[in-house]
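S.K.: sharing a model prediction with you, sequence too.
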Amino acid sequence: MPEPILECQGITFEVRLPQPRTILDQISFSARPGEVIGICGPNGVGKSTFLRVLAGLVKPTAGEVRIEGKSLQQFKPRQLARQLSFLPQDTVVPFDFKAKEIVLMGRHPYASSLAAWTDEDLTVAKDCMVQAECEAEAEQFVTTLSGGERQRVMIARLLAQDTPIVLLDEMTASQDIRHASKLLRLARQLADAGKLVILVLHDLRAAARICSRVCLMYEGRIVADGDPVEVLHEGHIAYVYGVKARTFTNPLGQWDFDLDEN
Amino acid sequence: MSSKLSPRKNLKNWKLGHLAVAGLFALLATTLLAVALGTVYVPPLTILKSMAQALGLEVGQPADQTSQILIVLIRLPRVFAAIFAGAGLAIAGTAMQGLFRNPLAEPGILGVSAGASLGALIAIAFGTYSFLALPTFAFAGALAAVLIILALSSFSGSSGQTTVLILAGMAVAAFFSALTSLLLVMASEYQVSSYIFWTLGGLANRRWEHVQLMAVPVLLAGTLLFLRGRDLDILLLGDETARTLGVAAKKTRILTVLLASLLTAIIVSVTGPIGFVGLIVPHIMRLLVGPSHRRLLLASAFGGAIFLLLCDLATRLVAMPRGIELSVGVTTALVGAPYFMILLIRSLRTHA
């Protein structure tokens, strides 16, 4: 097993306003290259905040995040951008940039800030657009794309950044079923190529199928962490989501569940 | 998309260097035109000669002294004042629009103009008439507005900062305007009319000293923003994405606000508030060359300079037979607004 690439200990995040509240409560976590980790749980339990702490976007009240043993604080912005990439839930661009120009921005951590994009940058950007299935939109203005198309352009931008750690917040929320399944497989392929992929996911079936590991969050803590099928058992779902679920293996041999609506 | 144009005609496909060369030539041509025309026509050759002569170069037949004085001491300083004021306002407008993610932002958005106006009125009220007094006081007023706003926004986190900046700008502008009104009530009739004259904004009687005041800040701020061009582009993806792409978001934001406000403050203090240049030139250029900041800053600098130069020329020519001067701010709005509307309609049509 490879050494952990991303670790954190005792991560606590508290806000004072509007009223004092603990968003993240003493989270410890470590992840290795090649893993696909799904962070699941109900709304408002701190999943997105946790992902932002891992990305270095939110400074925790206590505890620290380390990449290969080195604290995030010690990285220069560009250095960190070569280690870790992040996809927010939605990105709105106010001006008429072409989709391919947005994807090229993913090359920023490697580019000289004055020179034009190199041939390598252009090739990488093109490949990434093919992988994220948005090459047809390359010459279009990102302002004219639909939400799902725009998100695929942003995923291509993230792929162009080519980092060993990939953090995705609700990557598939705005995708149709074909693109959602394609993008989830893409996440799997990234991990197979040796990257660490962490995604915040609401789709438990997708989590069970593509993740090598699921962290179930509740009230600012990780309450279960491990093999997806073991983590997503009926007792945990009842405790965390407050619903009665019946889990089973569907005819295709995949993990599945039904909700008892009564 | 404006794809009906052939690739070469579409400025969006031009390389940065080509845009710069084209801009430089257009600016030179406009400059010659602006110096040549006026109450007395001066042929372009004479202009080039006397410019060379002023720079200490040997020319065959020296220009006669009258046209030498007219060109070097009267027309050229005014023309260069227009070039730097136009370029500076357009650069500041480009930066502000990018920063606020809003094509309606303009350089005065942070209360800079209100601060400058108060400063100018104080200078007038104190009866200081040396040529540097008014710009100095106006600049101090503008600087006060910017500092108050930056201090206010430093209380907020990075998330809500743009909104805080806009709201703080409105509050400061309102407060400074109120102080200005208060002073105006107490001022003499003569002081009121000189103040009103200043607020109309103009380039008449501007000397080389005025040009010097603007040239260095415009070139410096323009260069610094240009160097940050790609960072400014990436900031448009939102602070979070920008930060994970290695852009120091907060630092870039503060630097940009500071540069754009100071630039505006300096120009407004020399020329009085000239509206519309900082708002529409960047917008027009974005439609022509695309939104990428390096291209846009370059195109806006040239576009702003040429636009203000032409507006000032028109102002002079219209005023010529009557012997009175219109204010260039009036012309910028009269010419700019209709053109802006045409472009807006065209861009809406191609987007639909």
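M.R.: Ah, there it is. Residues are numbered from 1 along each chain as shown, chains lettered A, B, ... in the order given.
S.K.: please save the CA atoms from the helix or strand B:Val21 falls within in CSV.
M.R.: Using DSSP states H and E, the element containing B:Val21 is helix B:16-36. Extracted C-alpha coordinates of helix B:16-36, given in CSV (Å, rounded to 0.1, in the frame of the first residue of the first chain):
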residue,chain,number,x,y,z
LEU,B,16,-1.2,40.7,-28.9
GLY,B,17,1.8,42.2,-30.7
HIS,B,18,-0.2,42.9,-33.8
LEU,B,19,-2.9,44.6,-31.7
ALA,B,20,-0.1,46.8,-30.1
VAL,B,21,1.4,47.8,-33.4
ALA,B,22,-2.0,48.6,-34.9
GLY,B,23,-3.0,50.6,-31.8
LEU,B,24,0.2,52.6,-31.9
PHE,B,25,-0.3,53.5,-35.5
ALA,B,26,-3.9,54.5,-35.0
LEU,B,27,-2.8,56.6,-32.0
LEU,B,28,-0.1,58.3,-34.0
ALA,B,29,-2.4,59.1,-36.9
THR,B,30,-5.0,60.5,-34.5
THR,B,31,-2.4,62.6,-32.7
LEU,B,32,-1.2,64.2,-36.0
LEU,B,33,-4.8,64.9,-36.9
ALA,B,34,-5.6,66.5,-33.5
VAL,B,35,-2.5,68.7,-33.6
ALA,B,36,-3.1,69.7,-37.2
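S.K.: which strands and helices sit next to that helix?
M.R.: Helices and strands touching helix B:16-36, by 3 or more C-beta pairs under 8 Å, 6 or more residues apart in numbering or on different chains; DSSP states H and E, are helix B:44-54, helix B:76-99, helix B:293-319. Yep, even glycine has a C-beta here, placed from its N, CA and C like the rest.
S.K.: what does the stretch 151-262 of chain A put close to chain B?
M.R.: A:Met154, A:Arg157, A:Gln161 (C-beta under 8 Å from any C-beta of the partner chain).
S.K.: which one of these sits closest to chain B?
M.R.: A:Gln161 (7.0 Å; C-beta to the nearest C-beta).
S.K.: how close does A:Gly56 sit to A:Lys76?
M.R.: From A:Gly56 over to A:Lys76 the distance is 12 Å, taken as C-beta to C-beta, to the nearest Å.
S.K.: ok, the two, which is more surrounded?
M.R.: Between A:Gly56 and A:Lys76, counting by other C-beta atoms under 10 Å in any protein chain shown, A:Gly56 is the more crowded of the two (22 against 10).
S.K.: quick one: the closest residue to that one other than its chain neighbours and B:Gly246, what's the gap?
M.R.: Nearest residue to A:Gly56 in three dimensions, chain neighbours excluded: A:Leu72, at 4.4 Å (C-beta to C-beta, 6 or more residues apart in numbering or on different chains). Shown here: A:Leu72 relative to B:Gly246, a distance of 13 Å by C-beta to C-beta.
S.K.: could you do B:Leu317 as well?
M.R.: For B:Leu317, the distance to B:Gly246 - C-beta to C-beta - is 51 Å.
S.K.: likewise A:Ala191?
M.R.: In terms of C-beta to C-beta, A:Ala191 sits 23 Å off from B:Gly246.
S.K.: mind listing what the helix or strand harbouring A:Ile23 pairs with, with the direction of each?
M.R.: Counting by DSSP H and E, the element that carries A:Ile23 is strand A:21-31. Strand A:21-31 pairs in its sheet with strand A:6-15 (antiparallel), by DSSP bridges.
S.K.: list the buried residues of the strand it pairs with.
M.R.: Using 16 or more other C-beta atoms under 10 Å in any protein chain shown as the test for burial, strand A:6-15 gives A:Leu6, A:Glu7, A:Cys8, A:Ile11, A:Thr12, A:Phe13.
S.K.: could you dump those into TSV and include pLDDT?
M.R.: What follows is the buried residues of strand A:6-15, written out as TSV (pLDDT from 0 to 100):
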residue	pLDDT
A:Leu6	97
A:Glu7	96
A:Cys8	95
A:Ile11	96
A:Thr12	96
A:Phe13	96
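S.K.: identify the farthest-apart pair in those.
M.R.: The largest separation in the buried residues of strand A:6-15, counting by C-beta to C-beta, is between A:Leu6 and A:Thr12 at 17.9 Å.
S.K.: for the stretch 201-350 of chain B, just list every one of the helices.
M.R.: In order along the chain, the stretch 201-350 of chain B carries the following helices (DSSP state H, counting those that start in this stretch): B:208-227, B:229-235, B:239-244, B:249-271, B:277-289, B:293-319, B:328-351.
S.K.: and the contacts of stretch B:197-217?
M.R.: B:73, B:77-78, B:80-82, B:84-85, B:88, B:117, B:120, B:124, B:131-132, B:134-135, B:262-263, B:266-267, B:270-275, B:308, B:312, B:325, B:327-330 (C-beta atoms under 8 Å, 6 or more residues apart in numbering or on different chains).
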